[in-house]
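Asker: got a predicted model here, sequence first, then my questions.
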Amino acid sequence: MVWWMHFQTAKRREGVHFGWMGTKDIVYETINVIFECNGNYDGYDINALTKAGVNIFNVDMTLNDTDYFNSIKDAIQFAQNVPKILISTYHTPVGLSVTISANNPIEVDDRVDIIILKDIMTTDELRTFKKRNDKFSSLPILFWPPTLKIEDLNELIKFTDGIILDPSLGSVYSDFHEVLRKCKESRRPVFFMNPCVIDDYYEDTANDRQLLLLANDVIKYRFDGVFFKDRFEKIPIEFMQAFVRGTDMIATEFDESAELDYFKLTMPIQAPVLQPYTVALAASLAAFYSEASAIIVLTTTGASARILSFAAPPCRVLAVTRHLRTARTLHLYRKILPLYYKEKRAICWQDESLARIAFGTEFGLDTGLFNLVSKLVVLAPTEELSGYCNSFQILTVSYIRHAFTCGVPSHGEDID
């Protein structure tokens, strides 16, 4: 959900990011972007697209070969190292996904974060695929249905980690309504794939209104992300920046209905509710009523951040993790901004927890997300082996900074 770009007016339309701490990066609230590569991209192209708003790069292995996949993987690796040439405090995690056919699965290496699966029509076919390809068991699988007329589509949604909706399947605002509802009830992310919007944007007769309509619809219907395909003539930097600005502007308007979204989400939940869900829902509501500027969550596997994403958070969620793959896969979820924390580990969990919270706080200050008097909702395990975030606090930014500097335990003071 993040667009990080060095704030230089002359370079805004180029997506340039140098990582200098002298001037601030900026963060736009947008939705996640999967960008499918088909042309020739080098590391500088990938870096520019990343700074323009792309979270995840995809390679369709039903259309491309292993050599092309390796070239994109190498370009992403190069792009990830570009900011290291100059001093940079924060690492921008970039996800890599591959599209494969269930009828012809391929080998993938450890750098692949997400699988997009085609050619599945029944739950039994999906079970068989997972059983025969256990190497994919640890990776999120997004299901790309060939049609919405699949008899057990609701069950398929539950057995996958998300879904991609192609406009060729039907009208996104009528036929997709039931699918969207089922995905939200099952807490599965939904990505909307529009294969022509980039080409349309660069047509001579195109205008920004068409792009704003797309941005409005994906925000209104609570999509977690969009899926774009590249155009061969030109790297679509200007398109990505325009889309990000549009979603940021529209998302701000829709945030005014955050309380209504919260109660729509919580009403279908029946008791008893597991504690991780209870904490996430309560933290989201607390952030709304306390007018918190952000929610900071400490996560290892990403589970706590994922739950929070579906708890209708009224503000940005900064997910601090020590695991790079977790940070990359969290790009699948709405309103989650993953932060990769790689500082030396503290011996005591209370000190370690406070250090991670302070890291997220400093990021927010550096990027202008909030100021010293802002309130934050902080979710963290009370013990390292708790397995999930079992409590939350409402703290001020100034208190967190003081606690970290002076070594005060993070639970020393709550702000009502």
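Answerer: Cool, the structure landed. As the structure is a prediction and not an experimental result, all values here were calculated from the model.
Asker: mind checking how far the one helix or strand Val378 maps to is from the chain centre?
Answerer: Following DSSP states H and E, one finds Val378 within strand 375-379. Distance, stretch centre to chain centre, for strand 375-379: 19 Å (Cα atoms, centre = their mean, to the nearest Å).
Asker: so what secondary structure elements neighbour it?
Answerer: Packing partners of strand 375-379 (3 or more Cβ pairs under 8 Å, 6 or more residues apart in numbering; DSSP states H and E): helix 275-289, strand 294-298, helix 349-366, strand 392-396, helix 397-406. Every C-beta, even on glycine, is put in place using the N, C-alpha and C of the backbone.
Asker: quick one: list the elements packing against the fourth one.
Answerer: Just to be clear, that refers to strand 392-396. In this structure, strand 392-396 makes packing contacts with helix 275-289, strand 375-379, judged by 3+ Cβ pairs under 8 Å, 6+ apart.
Asker: I'd like the mean pLDDT over the last one, please.
Answerer: Think strand 375-379. Average pLDDT, strand 375-379: 95.
Asker: go on, stretch 96-104?
Answerer: Stretch 96-104 comes out at a mean pLDDT of 92.
Asker: touching it from outside, list them.
Answerer: 34, 36, 56-62, 69, 72-73, 76, 106, 108, 111-120, 125-126, 129, 142, 144, 328 (Cβ atoms under 8 Å, 6 or more residues apart in numbering).
Asker: with stretch 354-363 instead?
Answerer: Contacts for stretch 354-363 (Cβ under 8 Å, 6+ apart): 89-90, 296, 298, 318, 320, 339, 341, 343, 346, 369, 376, 378, 380, 397, 400-401, 403-404, 409-410.
Asker: mind redoing it with 6 Å?
Answerer: Applying Cβ atoms under 6 Å, 6 or more residues apart in numbering, the contact partners of stretch 354-363 are Ile296, Leu298, Leu318, Val320, Leu339, Tyr341, Ala346, Val378, Val397, Ile400, Phe404, Ser410.
Asker: what about the helices in the chain?
Answerer: 43-52, 66-81, 123-132, 153-159, 177-185, 197-201, 208-220, 237-254, 258-266, 275-289, 303-309, 324-329, 349-366, 397-406 (DSSP state H).
Asker: buried set for stretch 56-74?
Answerer: Using 16 or more other Cβ atoms under 10 Å as the test for burial, stretch 56-74 gives Ile56, Phe57, Asn58, Val59, Asp60, Met61, Asn64, Tyr68, Phe69, Ser71, Ile72, Lys73.
Asker: pLDDT score for the third one?
Answerer: Going back to what we said before, that points to Asn58. Reading off the model, Asn58 has pLDDT 96.
Asker: hmm, Asn38 and it touching each other?
Answerer: No. Asn58 lies out of contact with Asn38 (Cβ atoms under 6 Å); the separation is 9.8 Å.
Asker: adding mean pLDDT, write the helices and strands packed on strand 375-379 out as TSV.
Answerer: Compiled in TSV, the helices and strands packed on strand 375-379 are given as follows (pLDDT from 0 to 100):
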stretch	mean pLDDT
helix 275-289	88
strand 294-298	95
helix 349-366	92
strand 392-396	93
helix 397-406	89
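Asker: so, low pLDDT: which residues of the stretch 1-150 of the chain?
Answerer: Applying pLDDT under 70 to the stretch 1-150 of the chain flags residues 1-26, 29, 83-88.
Asker: try it again at 50.
Answerer: For the stretch 1-150 of the chain, residues meeting the criterion pLDDT under 50 lie at 7-22, 86.
Asker: which residues in it form strands?
Answerer: 5-6, 25-26, 32-37, 56-60, 95-101, 114-118, 141-143 (DSSP state E, counting those that start in this stretch).
Asker: the fifth one: how far from the chain's middle?
Answerer: Translated: strand 95-101. 16 Å.
Asker: run the angle between that strand and strand 56-60 for me.
Answerer: For strand 95-101 against strand 56-60, the angle by axes from the mean of the first three to the mean of the last three Cα atoms, to 10 degrees is 20 degrees.
Asker: now strand 95-101 and strand 32-37, what's the angle there?
Answerer: With the same axes, to 10 degrees as the basis, strand 95-101 and strand 32-37 are set at 60 degrees to each other.
Asker: got the angle between strand 95-101 and strand 114-118?
Answerer: Using the same axes, to 10 degrees, strand 95-101 lies at 20 degrees relative to strand 114-118.
Asker: what angle separates strand 95-101 from helix 66-81?
Answerer: Using the same axes, to 10 degrees: strand 95-101 against helix 66-81 is 170 degrees.
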